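[1] coordinates for the following, if possible.
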Amino acid sequence: MVTGGCLCGAVRPESEAEPLATRLGWCRDCQYLAAGAAVNACFRTASFKMNAETTDYVSIADSDNRKHRRFCKSCGTQLFSEAESRPHLIFVRGGSIDDPDQLQPTATIWTASAPRWASIDRSLECIAGQPAPFA
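    Here you go, the predicted model:
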């Protein structure tokens, strides 16, 4: 089981399933959200549960997907995002996972958007932009 939460503990997400993938993201939105690369773990929405409501910020991502970025109403911790084009998937921010060692990034995406100072692990698959969607 993968569990997580926000800084104040009000929101406690969990999934009985392991992530489908964990990636480091360098799109410009991820840079704003994480002050650098964001670690995002992808889960099937059906396996994901939460104990509280979150606040929703809607934006258009670099991929042209309409995204719902969700965060804690009390402390503002970024928790996850969902793309309207892929309602069966949810992308959880790695920093919100209780045991970050449960996550193992397999790729770095949006490397073409990374700043010159970015440290990109070339042992991981590197994708210049948006990767192919999960089935």
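
[2] from now on I want contacts and neighbour counts done on CA atoms only, so please keep to that.
    Fine.

[3] run the chain-centre distance for the helix or strand F43 falls within.
    Per DSSP states H and E, F43 falls inside strand 38-44. Distance of strand 38-44 from its chain centroid, counting by CA atoms, centre = their mean, to the nearest Å, is 4 Å.

[4] just checking, what packs against that strand?
    strand 21-25, strand 89-93 (3 or more CA pairs under 8 Å, 6 or more residues apart in numbering; DSSP states H and E).

[5] could you dump those to TSV with distance to Q102?
    Shown next, in TSV, are those (distance: least, CA to CA, whole Å):
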stretch	distance to Q102
strand 21-25	10
strand 89-93	13
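
[6] which stretch among those comes nearest A107?
    With CA to CA as the measure, strand 21-25 is the member of the helices and strands packed on strand 38-44 nearest A107 (5.0 Å).

[7] output the contacting helices and strands for the closest one.
    Short answer (3+ CA pairs under 8 Å, 6+ apart): strand 21-25 packs on strand 38-44, strand 107-109.

[8] tell me the residue furthest from the middle of the chain?
    Distance from the C-alpha centroid of the chain peaks at R116, with 22.5 Å (CA atoms, centre = their mean).

[9] in JSON lines: the helices and strands packed on strand 21-25, plus mean neighbour count.
    Listed next are the helices and strands packed on strand 21-25 as JSON lines, based on neighbours: other CA atoms under 10 Å:
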{"stretch": "strand 38-44", "mean neighbour count": "22"}
{"stretch": "strand 107-109", "mean neighbour count": "23"}
